[in-house]
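1. give me the fold of what follows.
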Amino acid sequence: MRYYSARNKNEQAVAFAQAALTGLAPDGGLFVPETLPEYPQAVKTSLPAMSFHDIAFETIKPFVQGEIPDAVLEDIIHDAFNFDAPLAAVGDRYVLELFHGPTAAFKDFGARFMARAFSYFRRNEDKPLRILVATSGDTGGAVADGFFGVDGISVTVLYPTGRVSPIQERQIAGLGKNVSAFAVEGSFDDCQRLVKAAFADEGLKKRMVLSSANSINIARLIPQTVYYATGAARAMAETGKPAIFCVPSGNFGNLTAGLYAHEMGAPIRHFVAATNINKTVPDYLENGVYEPRASLPTISNAMDVGAPSNFERMTVHWSLKQLCETLTGVSISDETTRETIKSVHSRYGRFLDPHTAVGWAALDALKFAGKITSADAPFGTLATAHPAKFAEIVEPLTGAIPVPPSLQKVMDRDVSAETIPADVSALIESL
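-> Numbers count the residues shown, from 1 in each chain. Sure thing, here's the model as predicted:
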């Protein structure tokens with residue numbers, strides 16, 4: 001498999017390792033695979049009966065063929081994915097639980113795979129690698145944890161000051177060693193802009209070897225296709241029908257990974273892109289005009305993105321018509337998010353974090369409008385983070401949340417971050 005820049009298909013394509021380790025193409029574009037592979041028919045037929053790790057192997061293998069030997073890939077998958085993604089039935093829908101990893105967020109899948117793949121690719125390198133990553137919340141903690149203590153690789157995380165939860169900040173800026181953090185005086189979009197500008201700075205590139213770990217990096221995105229295929233396979237095994245997945249969406253890397261799984265042949269009927277009031281993509285799906293804008297702060301902070309990077313990938317692979325056939329956009333307010341957290345707990349005893357609540361509410365909106373029904377297709381939302389990560393928002397609506405051990409150990413960490421203005425020169429001077 002070869003990868004090319006989303007901004008210039010005629011530019012020389014590169015191998016997976018180079019695309020992963022460089023993060024962005026020379027022209028600043030995101031790397032995309034030259035083709036989207038399809039599962040062999042035998043795999044498609046067998047998906048509902050396959051294990052999580054077997055599905056992961058069959059899903060990732062065509063993207064890294066010839067670069068990661070099968071035996072090494074199997075080891076990476078078993079080591080990275082040492083937790084499951086259960087598909088839980090709640091009321092009339094499913095919840096795909098993606099918070100059972102070490103940082104209790106779906107970003108663990110991509111970050112842990114990436115860390116192990118990078119370690120393999122750089123096994124014979126002497127010069128250290130610096131990972132630069134912007135986060136609106138969960139990415140930073142997952143990347144910090146995934147790369148913590150990995151020899152020859154250091155991580156610098158940029159996050160918007162005052163716009164992440166206390167637990168998220170401790171996960172991002174509480175590890176030390178080879179992980180450092182910058183609290184940026186601005187929004188996530190500012191953090192993302194600084195990272196992209198740093199990659200374009202010739203002086204910085206001469207000083208250090210840089211790579212990214214956001215969903216702008218193809219090595220972060222591809223492993224996320226795995227839980228879509230697994231969740232859809234389990235829904236098919238239970239109902240005999242392809243599923244509808246609602247994806248709480250911010251930077252749209254998660255949704256893009258789902259679209260990849262759909263193209264590969266996972267039994268998925270349709271997607272719902274659920275955003276908060278930062279609804280750049282839902283507006284595009286409705287009126288055909290893409291208008292990036294400044295992000296607005298909400299209680300679902302990891303989705304506070306006004307200029308989603310992965311939109312670039314989406315429009316390379318699919319036309320507006322194709323996206324509208326596969327994807328429905330829904331925007332949810334903070335008020336509705338709070339009401340959903342409260343009502344779901346009251347009815348089912350289920351705690352939802354604000355992002356998962358946005359997904360649940362989006363399905364409610366479509367259900368009440370008569371656009372989806374469980375009689376036609378099993379439907380559900382991705383649960384992108386454990387609700388205890390957002391206790392300050394959830395607990396006033398539900399009461400105390402049981403805290404998993406993975407988060408308990410974070411509580412006592414001290415935050416150590418350097419505050420910088422949203423200016424690329426400040427970032428470069430501090431690196």
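2. first-to-last residue distance for stretch 61-74?
-> 9 Å (Cα to Cα, to the nearest Å).
3. tell me the mean pLDDT for that stretch?
-> For stretch 61-74, mean pLDDT is 97.
4. before we move on, what about stretch 417-431?
-> Here the average pLDDT along stretch 417-431 is 93.
5. flag every buried residue along that stretch.
-> Judged by neighbour count using 16 or more other Cβ atoms under 10 Å, the buried positions of stretch 417-431 are 417, 420, 422, 424, 426, 427. Bear in mind the C-beta positions are built from the backbone N, C-alpha and C, glycine included.
6. reformat those as JSON lines; add secondary structure.
-> Shown next, in JSON lines, are the buried residues of stretch 417-431 (DSSP: H, G, I helix; E, B strand; the rest coil):
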{"residue": "417", "secondary structure": "coil"}
{"residue": "420", "secondary structure": "strand"}
{"residue": "422", "secondary structure": "coil"}
{"residue": "424", "secondary structure": "helix"}
{"residue": "426", "secondary structure": "helix"}
{"residue": "427", "secondary structure": "helix"}
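7. how about the helices in the stretch 201-350 of the chain?
-> Along the stretch 201-350 of the chain, counting by DSSP state H, counting those that start in this stretch, helices occupy 202-207, 218-221, 225-239, 253-264, 280-287, 311-317, 320-326, 334-348.
8. hmm, who's touching the shortest one?
-> Surrounding helix 218-221, the residues in contact under the criterion Cβ atoms under 8 Å, 6 or more residues apart in numbering are 3, 16, 19-20, 30-33, 110-111, 113-114, 117-118, 213-215, 253, 256-257, 260, 310, 313.
9. which of those fall within strands?
-> 3, 31, 32, 33 (DSSP state E).
10. how about those residues in TSV, adding neighbour count?
-> Shown next, in TSV, are the ones in strands among the contacts of helix 218-221 (neighbours: other Cβ atoms under 10 Å):
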residue	neighbour count
3	22
31	25
32	25
33	20
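11. next, format the helices of the stretch 201-350 of the chain as CSV and append mean neighbour count, mean pLDDT and distance to residue 156.
-> CSV is the format used below for the helices of the stretch 201-350 of the chain (neighbours: other Cβ atoms under 10 Å; pLDDT from 0 to 100; distance: least, Cβ to Cβ, whole Å):
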stretch, mean neighbour count, mean pLDDT, distance to residue 156
helix 202-207, 11, 89, 12
helix 218-221, 25, 94, 16
helix 225-239, 24, 97, 27
helix 253-264, 25, 97, 19
helix 280-287, 18, 95, 27
helix 311-317, 19, 94, 23
helix 320-326, 14, 96, 34
helix 334-348, 17, 98, 31
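12. nearest to residue 62 among those would be which one?
-> Proximity to residue 62, assessed across the helices of the stretch 201-350 of the chain by Cβ to Cβ, is greatest for helix 253-264 (8.2 Å).
13. possible to save the helices of the stretch 201-350 of the chain as TSV with distance to residue 388?
-> Formatted as TSV, these follow (distance: least, Cβ to Cβ, whole Å):
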stretch	distance to residue 388
helix 202-207	38
helix 218-221	24
helix 225-239	20
helix 253-264	21
helix 280-287	29
helix 311-317	31
helix 320-326	33
helix 334-348	13
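14. so which of those helices is nearest residue 83?
-> Of the helices of the stretch 201-350 of the chain, nearest to residue 83 by Cβ to Cβ is helix 225-239, at 10.8 Å.
15. what lies in contact with the closest one?
-> 47-50, 52, 55-56, 59-60, 81, 85, 87, 94, 96, 98, 106, 109, 241-243, 245, 257-258, 260-262, 264, 266-268, 378, 380.
16. quick check: the farthest pair among the buried residues of stretch 417-431?
-> 417 and 424 (18.0 Å).
17. ok, back up a step: wait, which of the helices of the stretch 201-350 of the chain is closest to residue 408?
-> Of all the helices of the stretch 201-350 of the chain, helix 334-348 comes closest under Cβ to Cβ, at 21.2 Å.
18. who are the packing partners of the closest one?
-> helix 354-368, helix 391-398 (3 or more Cβ pairs under 8 Å, 6 or more residues apart in numbering; DSSP states H and E).
19. next, give phi and psi for residue 289.
-> phi -110, psi 120 (degrees, to the nearest 10).
20. what about it, how many residues nearby?
-> 8 (other Cβ atoms under 10 Å).
21. please verify my assumption that it contacts residue 283.
-> Yes. Assessed by Cβ atoms under 8 Å, residue 289 is found in contact with residue 283 at 7.3 Å.
22. tell me the pLDDT at the nearest residue to residue 223 once chain neighbours are set aside?
-> Using Cβ to Cβ, 6 or more residues apart in numbering and skipping the chain neighbours, the partner closest in space to residue 223 is residue 113 (3.9 Å). pLDDT recorded at residue 113 is 95.
23. now stretch 33-47: buried residues?
-> 33, 36, 37, 39, 43, 44, 47.
24. repeat for stretch 64-72
-> For stretch 64-72, by 16+ other Cβ under 10 Å, it's 64, 67, 68.
25. then stretch 53-65?
-> Neighbour count says stretch 53-65 has 53, 54, 55, 56, 57, 58, 59, 60, 61, 62, 63, 64 buried, by 16+ other Cβ under 10 Å.
26. cool, and stretch 161-173?
-> 161, 163, 164, 165, 167, 168, 169, 170, 171, 172, 173.
27. from these, which has minimum pLDDT?
-> For the buried residues of stretch 161-173, the model is least confident at residue 165; its pLDDT is 84.
28. check contacts around the closest residue in space to that residue that isn't next to it in sequence.
-> Using Cβ to Cβ, 6+ apart and skipping residues adjacent in sequence, the residue nearest residue 165 is residue 390, 5.5 Å away. Contact partners of residue 390, counting by Cβ under 8 Å, 6+ apart, are 165, 167, 299, 353, 354.
29. equivalent analysis for residue 17, please.
-> By Cβ under 8 Å, 6+ apart, the neighbours of residue 17 are 67, 121.
30. from residue 186, how far out is it?
-> Separation of residue 17 from residue 186 (Cβ to Cβ, to the nearest Å): 33 Å.
31. averaged pLDDT, stretch 382-397. What do you get?
-> Stretch 382-397 comes out at a mean pLDDT of 95.
32. for burial, what's the neighbour tally of residue 85?
-> There are 22 residues near residue 85, going by other Cβ under 10 Å.
33. model confidence for it, exactly?
-> Looking at residue 85, the pLDDT reads 96.
34. just give the nearest non-adjacent residue to the spatially most central residue of the chain, would you?
-> Centrality entry for the chain: nearest residue to the mean C-alpha point is residue 254, 4.3 Å, by Cα atoms, centre = their mean. Closest residue to residue 254 apart from its sequence neighbours, by Cβ to Cβ, 6+ apart: residue 247 at 5.6 Å.
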